[in-house]
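>>> Pasting the sequence and the predicted coordinates here, then a few questions.
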Amino acid sequence: QVQLVESGGGLVQAGGSLRLSCAASGRTFSAYTMAWFRQAPGEEREFVASSNWNSGKIYYANPVKGRFTISRDNAKNTVYLQMNSLKPEDTAVYYCAADLLPATFQIMSAGSYNYWGQGTQVTVSS
């Protein structure tokens, strides 16, 4: 059974920083694509960033490029999302996702992932 547990969300002022963590258990995740998505109230879940250790490929959504950094520690089966220069529009529930994705076009689609965490709330005040 694969389990993903996020932590690190909270309330921060605009311009501030937060670091999210996603601890994975149940199997070795080095071959998995691990990603962060977010969902604001009334909005669809959207891709934020992803990392595949084996390929070394990292992707970011345009709204977060230059502000967010995804990293992973395979020894700890943990993926991180460092979020800097936060904006009110970054307010959302952030979800960690994982799966084996052989094709690049699958990475940014929430429907491609079978494993999800419970989500952590990030609120950025203006």
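Nice, I can see it.

>>> quick one: low-confidence ranges for this protein?
In the predicted model, the chain carries pLDDT under 70 at residues 28.

>>> For it, just list every one of the strands.
Along the chain, the stretches classed as strands by DSSP state E are 3-7, 10-13, 18-25, 33-39, 46-52, 58-60, 68-73, 78-83, 92-99, 115-116, 120-125.

>>> Determine which of those approaches residue 108 most closely.
strand 46-52 (4.1 Å; Cβ to Cβ). Yep, even glycine has a C-beta here, placed from its N, CA and C like the rest.

>>> Centroid-nearest residue for the chain?
For the chain, residue 36 is the residue whose C-alpha lies nearest the centre (Cα atoms, centre = their mean; 1.7 Å).

>>> residues contacting that one?
Contact partners of residue 36, counting by Cβ atoms under 8 Å, 6 or more residues apart in numbering, are 20, 22, 48-50, 70, 79, 81, 94-97.
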